[in-house]
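> Provide a 3D model corresponding to the input given below.
(chains A and B)
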Number of protein chains: 2
Amino acid sequence: MDKILLGHGSGGKLMHQLIREHFSPSFGMHGTGDSALIDVPSCKLAYTTDSYVVTPLFFPGGNIGDLAVNGTVNDLAVSGAEPLFLTAGFIIEEGFSFADLKKVIASMATAAKNAGVRIVAGDTKVVNRGKADGLFINTSGVGAIREGVEIAASRIKPGDAVIVSGEIGSHGVAILAERNGLSFDPPVQTDCRPLNGLAQAMLAIDPQIHFMRDPTRGGLATTLKEAALESGTCIRIRENALPIPQPVQGACKLLGLDPLYVANEGILIAILDRSKSDAVLATMKRHPFGERAVLIGEVAAAPEKMVLLETALGGSRIVDMLPGEMLPRIC
Amino acid sequence: MDKILLGHGSGGKLMHQLIREHFSPSFGMHGTGDSALIDVPSCKLAYTTDSYVVTPLFFPGGNIGDLAVNGTVNDLAVSGAEPLFLTAGFIIEEGFSFADLKKVIASMATAAKNAGVRIVAGDTKVVNRGKADGLFINTSGVGAIREGVEIAASRIKPGDAVIVSGEIGSHGVAILAERNGLSFDPPVQTDCRPLNGLAQAMLAIDPQIHFMRDPTRGGLATTLKEAALESGTCIRIRENALPIPQPVQGACKLLGLDPLYVANEGILIAILDRSKSDAVLATMKRHPFGERAVLIGEVAAAPEKMVLLETALGGSRIVDMLPGEMLPRIC
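The predicted structure is shown next:
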């Protein structure tokens, strides 16, 4: 059998076979019951969900499968939690290639292993040909929050340092290049990777980090604007300090995109007490996923709820949220 | 604005507006952070996920919204857990009616309230016109398992009683009727409803209930066959005892369906020690969602891994799993 049939989603024999032969062994799941039993080490948990509808399904450096695992791992990580368990829900278009599904499942299994999480429960639905775009994946995740950690925009204070853990714009440009048949030299790959190890290393140095978030859809600009709005502060960043890789810079110029709004899948923003930022930065730089970490700005009291970009020319411009749609289906 | 735009899923202003004005107030969610912080009363949890792709989205007695809440609540309930928290992930087709989305959200909020669960985190993706079928919803759920409760097919023993909590076949027939423009007199409505109250009442009488499951896709037959396979026992049921409402009976005859395979969304099967079954049944009958509960059979040692139906005529037939696809997109 090389194509997914409607029967693979109908609860009967075909679906059991799909689960038994592919999902269960790849994810190490047991039984056909719908709920997994999990044991958590703490009663304070982070809980999140994301659906992935990225197109194309395969792109430079990744596919929808590792994206679906790392994206949810990262949501938990930036809430200060150690990700523990994931669920995976598949919506598959009738006729979808079995070989591609197996590749995606394998990527998810590898990504889960690399992030140290277990995919414990799943669900498969198949919809008629033309009623979905190949494959959509939802993941949800549960993580344990360490005693004393409290990540919240409301804790952002004037004087805080603003750090980004790595270069911006790679994921969005990689997707867009693949979608439009463009190739860059050197090629731009997604930065999709799990950030829980990095986040936990940072929290080990400063358990009082005020705020972390991964700037995915809407990019760095939208995430900083959210932080400014939620905290009532002004976030000032320096254009010169922004780590934008040369190929991303070039691609954005070519495509008329602002890298500040391009999606990322493997970096985080942290806002923390200025007195801790050197030590945290030093730790980040020693972590493989934080080598390019850099201080990009600081928090001021006014003007409230604003993000200001100090340009290379010495001017200042207001950074707003992504107004509508720049790159649909980037994740 | 009366239609969903691509921008509603792009992480920017439009999406924030959708969340702020519709999702957050309906579900009582806070902030725009991706992870919710939850406090659980026990470290033994049940964790599950389901995607809902039912077509049509609105059908007699319900819609995709209450289905998405009750379906996940019921998965947790039959694992012996008290459902606590849900997440909701929306995949919306560009151009989808805002009014319909609001109806679905309102149904989800009501269903969550009725089940006593909180929807704590969500996600919205919008895909291009023609790339999804209106609306798909994923829900995941977390529930706390009571000390001493252990629901597992491996605990099913010869001699056990097999109980079904209500009439079978209503959900599948309601969907099929709506899909094909049929109407029955009296009309057949979905049985979609939360089973956590009923399950907890049953566990209060017999915390040692061996097995519970809600027979959704694949119907009663598939669920019983799963139980027989997983436990290595033989499950014998009596055709005469099966609670099949007259309109479902008639519709199945007309449509050439076997009610044993038709999906349900508001009943559960319980397999438990024979000595407790009268007391559990009496409790079920006093619960509004268990009024029609009935003993439908018992567990035998052999022939192993089989489900046998004792027919009204005194014969016996082998009940197998749904082989492929009977009613796609029933949930």
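> C-alpha from now on. contacts and neighbour counts both.
Fine.
> Strands of the stretch 1-150 of chain A, start to end?
Ranges of strands within the stretch 1-150 of chain A are A:36-39, A:44-52, A:58-59, A:62-63, A:81-93, A:118-127, A:135-145, based on DSSP state E, counting those that start in this stretch.
> Any chance of these in CSV with mean pLDDT as columns?
Listed next are those as CSV, based on pLDDT from 0 to 100:
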stretch, mean pLDDT
strand A:36-39, 90
strand A:44-52, 96
strand A:58-59, 96
strand A:62-63, 98
strand A:81-93, 97
strand A:118-127, 95
strand A:135-145, 97
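> Can you convert those into CSV and add a column each for distance to chain B and mean neighbour count?
Formatted as CSV, the strands of the stretch 1-150 of chain A follow (distance: least, C-alpha to the nearest C-alpha, whole Å; neighbours: other C-alpha atoms under 10 Å in any protein chain shown):
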stretch, distance to chain B, mean neighbour count
strand A:36-39, 5, 19
strand A:44-52, 4, 28
strand A:58-59, 17, 18
strand A:62-63, 17, 21
strand A:81-93, 6, 26
strand A:118-127, 5, 25
strand A:135-145, 7, 28
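> Surely residue A:152 is in contact with residue A:211?
Yes. Assessed by C-alpha atoms under 8 Å, residue A:152 is found in contact with residue A:211 at 5.3 Å.
> Leaving out sequence neighbours, find the closest residue to the most centrally placed residue in chain A.
Here the mean C-alpha position of chain A is nearest to the C-alpha of residue A:71 (C-alpha atoms, centre = their mean), at a distance of 3.5 Å. Of all residues not flanking residue A:71 in the chain, residue A:265 sits nearest, at 6.7 Å (C-alpha to C-alpha, 6 or more residues apart in numbering or on different chains).
> and the one you found, how many neighbours?
The local packing of residue A:265 (other C-alpha atoms under 10 Å in any protein chain shown) involves 27 other residues.
> next one: the one 3 residues further on
Residue A:268 is flanked by 28 other residues according to other C-alpha under 10 Å.
> Likewise for the one 3 residues further on?
Neighbours of residue A:271 under the rule other C-alpha under 10 Å: 30.
> Could you give the bridge partners of whichever residue of the stretch 101-250 of chain A sits closest to chain B?
Nearest residue of the stretch 101-250 of chain A to chain B: residue A:132, at 4.2 Å (C-alpha to the nearest C-alpha). Beta bridges link residue A:132 to residue B:132, judged by DSSP bridges.
> got a list of what it touches?
With contact set as C-alpha atoms under 8 Å, 6 or more residues apart in numbering or on different chains, residue A:132 has these partners: A:91-93, B:130-133.
> now those in JSON lines, with distance to residue B:278?
Converted to JSON lines, the contacts of residue A:132 look like this (distance: C-alpha to C-alpha, whole Å):
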{"residue": "A:91", "distance to residue B:278": "42"}
{"residue": "A:92", "distance to residue B:278": "44"}
{"residue": "A:93", "distance to residue B:278": "46"}
{"residue": "B:130", "distance to residue B:278": "53"}
{"residue": "B:131", "distance to residue B:278": "51"}
{"residue": "B:132", "distance to residue B:278": "48"}
{"residue": "B:133", "distance to residue B:278": "46"}
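> Show me which of these is closest to residue A:171.
When these are compared for distance to residue A:171 (C-alpha to C-alpha), residue B:131 wins out at 22.2 Å.
> Contact partners for the closest one?
A:130-133, B:93.
> With residue A:18 instead?
residue A:8.
> gap between it and chain B?
12 Å (C-alpha to the nearest C-alpha, to the nearest Å).
> hmm, back to that, export the contacts of residue B:131 to TSV and append columns for distance to residue A:257.
Converted to TSV, the contacts of residue B:131 look like this (distance: C-alpha to C-alpha, whole Å):
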residue	distance to residue A:257
A:130	31
A:131	31
A:132	28
A:133	26
B:93	25
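> So which bits of stretch A:11-21 are buried?
Neighbour counts over stretch A:11-21 (16 or more other C-alpha atoms under 10 Å in any protein chain shown) mark A:11-16, A:19-20 as buried.
> a markdown table for those, including distance to residue A:86?
Listed next are the buried residues of stretch A:11-21 as a markdown table, based on distance: C-alpha to C-alpha, whole Å:
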| residue | distance to residue A:86 |
| --- | --- |
| A:11 | 22 |
| A:12 | 24 |
| A:13 | 25 |
| A:14 | 24 |
| A:15 | 21 |
| A:16 | 20 |
| A:19 | 16 |
| A:20 | 18 |
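> Among these, which ones are in helices?
A:13-16 (DSSP state H).
> ok, which of those residues also contact chain B?
Of the residues in these, proximity to chain B by C-alpha under 8 Å from any C-alpha of the partner chain holds for A:13-15.
> out of these, which one sits closest to chain B?
Chain B has its nearest neighbour among those in residue A:13, at 4.9 Å by C-alpha to the nearest C-alpha.
> Name the nearest residue to the closest one, ignoring sequence neighbours.
What sits nearest to residue A:13 in space, not counting adjacent residues and going by C-alpha to C-alpha, 6+ apart, is residue B:323, at 4.9 Å.
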